[in-house]
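Participant: missing the sequence, but the structure's below:
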């Protein structure tokens, strides 16, 4: 009997396939094409306490086997999210994880406290790795002291489990991962996008309004697999692996590298129902290799 | 209702310089499509990850036609696909034109590759008994498309080219300013944003109610990615994919 379930931050997910924040909104849009309750968990787009307008357009650019984005965490803020999205998420027969963002430690704590009063969300992912905002985001995730401070501050207030999402734009990601673990993270998700740029040579200017953006998609997968492999050797908390996953084979690579679960991001744009194929593909691989549990997927 | 379908290419042809026309068999998508809506076309080649948003030029039973410009690597690959090949499509997307059947006359304005969605709109309006004028602007005569097709529907067609190699020399706004007799209560426009703003200025002067169809870079087409934002006159972010692509010009652009 094949058991696809995995345990992450105290949650027992029915399968290891989650969505990567920012590519799936709150799931409503994709629920038009398939029952999103089939997923192991839904990770929402980042939510800040106040509404954020995001960056100017162009916000995206396609690259060879990937894409750059600089959305800038546009979101409707806590109150509208609680009113419009939480009821939908609560009714789903899967786990829901809300991605939290802020510009200062106070803002991160404020949004965490606000969500303590909300029912129906199973865990939170702390976004300290977005490369596309001027303050907060990656500015926190690349400095071990700041990581320690923000994770401790949020963990102290938050009732639900806390996942910390790491940036790959650092010299030594294992240092950041260890810091997050010591500060109280219940799990780590990695990686966020890699800093990148694309230039329109006809118009002789950058394509993105912000010049730089975050690279995602299959082009970054080997970087992400290596980072997951390195971090898995130095932390005890579970890792949610992501970065360019678009097939079950990609997902299995991450599991072999040491991830407990995986998340699919950019591939949702290339195929809105790709997550279902990945779940089915993992199950097939297990059947063909006589594996009964996800933890048996190993190098 | 949105559908994700694997569609067979019925015809694919190069109609003018770098402009291609493709007809696909899309039983579900074609059936529900309205003028002004668009589809997302997936290239599925592992390199061009993002689907291409392309407006619907026509629907006929189970068939849906798109007319597109080859502008980059992705559309080039699409143009190389052949009859019988299968293309994955998501559609139909967006709000489409607010078709006011009560207006007796309508003006349809297309700029370059913004002209094709006007074909389905013209056909729809004419079938409702609306008298249609089409004003279409292109860079030069090599880019002029659909003139005969619009005429065959019974529309009155006015062509403008930047270099005067076909029709009026100048852009669509200059053509309209030079032809005050082309004056209807309702107008619909699709083309580059600077052109749409120019047309919006003309519409304000002439007291025409104008609907514009906007274009923005998109990743998903369904409202999830937050890439295709257009700020309205009040600074509110609107998603071109689901709040648009059609907006009422005055309420979206404000004073132009």
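Facilitator: On my side now, so go ahead. Small disclaimer: the values here were computed from a predicted structure and weren't measured. Residues are numbered from 1 along each chain as shown, chains lettered A, B, ... in the order given.

Participant: For chain B, give the helix that spans the most residues.
Facilitator: For chain B, the longest helix by residue count, based on DSSP state H, is helix B:193-206.

Participant: Show the subsequent helix or strand relative to that helix.
Facilitator: strand B:209-213 (DSSP states H and E).

Participant: list the buried ones in whichever helix or strand comes after that next one?
Facilitator: Counting by DSSP H and E, the element after strand B:209-213 in chain order, helix or strand, is strand B:229-231. By neighbour count on 16 or more other CB atoms under 10 Å in any protein chain shown, the buried set for strand B:229-231 is B:229-230. Placement of C-beta: from N, CA and C, glycine included.

Participant: Tell me, what's the model's pLDDT at residue 21?
Facilitator: Just so you know, I chose chain A. As predicted, residue A:21 sits at a pLDDT of 98.

Participant: meant chain B, my bad for not saying
Facilitator: Per-residue pLDDT puts residue B:21 at 98.

Participant: Can you tell me how far it is from chain A?
Facilitator: Using CB to the nearest CB, to the nearest Å, residue B:21 is found at 24 Å from chain A.

Participant: Please look at that residue and residue B:9 and confirm they touch.
Facilitator: No - Residue B:21 is beyond contact range of residue B:9, at 11.2 Å (criterion: CB atoms under 8 Å).

Participant: in the stretch 51-200 of chain A, which spans are strands?
Facilitator: With DSSP state E, counting those that start in this stretch as the criterion, the stretch 51-200 of chain A has strands at A:60-63, A:66-69, A:95-100, A:123-127, A:162-165, A:187-190, A:194-197, A:199-200.

Participant: Reformat those into a markdown table and put mean neighbour count, distance to residue B:141 and mean pLDDT next to each item.
Facilitator: Formatted as a markdown table, the strands of the stretch 51-200 of chain A follow (neighbours: other CB atoms under 10 Å in any protein chain shown; distance: least, CB to CB, whole Å; pLDDT from 0 to 100):
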| stretch | mean neighbour count | distance to residue B:141 | mean pLDDT |
| --- | --- | --- | --- |
| strand A:60-63 | 23 | 32 | 97 |
| strand A:66-69 | 27 | 37 | 98 |
| strand A:95-100 | 26 | 52 | 98 |
| strand A:123-127 | 27 | 53 | 97 |
| strand A:162-165 | 28 | 54 | 98 |
| strand A:187-190 | 28 | 55 | 98 |
| strand A:194-197 | 18 | 39 | 97 |
| strand A:199-200 | 12 | 28 | 97 |
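
Participant: and those strands as TSV, adding distance to residue B:75?
Facilitator: Below are those laid out as TSV (distance: least, CB to CB, whole Å):
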stretch	distance to residue B:75
strand A:60-63	12
strand A:66-69	17
strand A:95-100	34
strand A:123-127	35
strand A:162-165	35
strand A:187-190	35
strand A:194-197	23
strand A:199-200	16
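
Participant: For chain B, find the nearest of those strands.
Facilitator: When the strands of the stretch 51-200 of chain A are compared by CB to the nearest CB, strand A:60-63 sits nearest chain B, at 4.4 Å.

Participant: Which elements pack onto that closest one?
Facilitator: On a contact count with 3 or more CB pairs under 8 Å, 6 or more residues apart in numbering or on different chains; DSSP states H and E, strand A:60-63 meets strand A:66-69, strand A:212-216.

Participant: Compare the strands of the stretch 51-200 of chain A and give me the one nearest residue A:244.
Facilitator: strand A:66-69 (7.3 Å; CB to CB).
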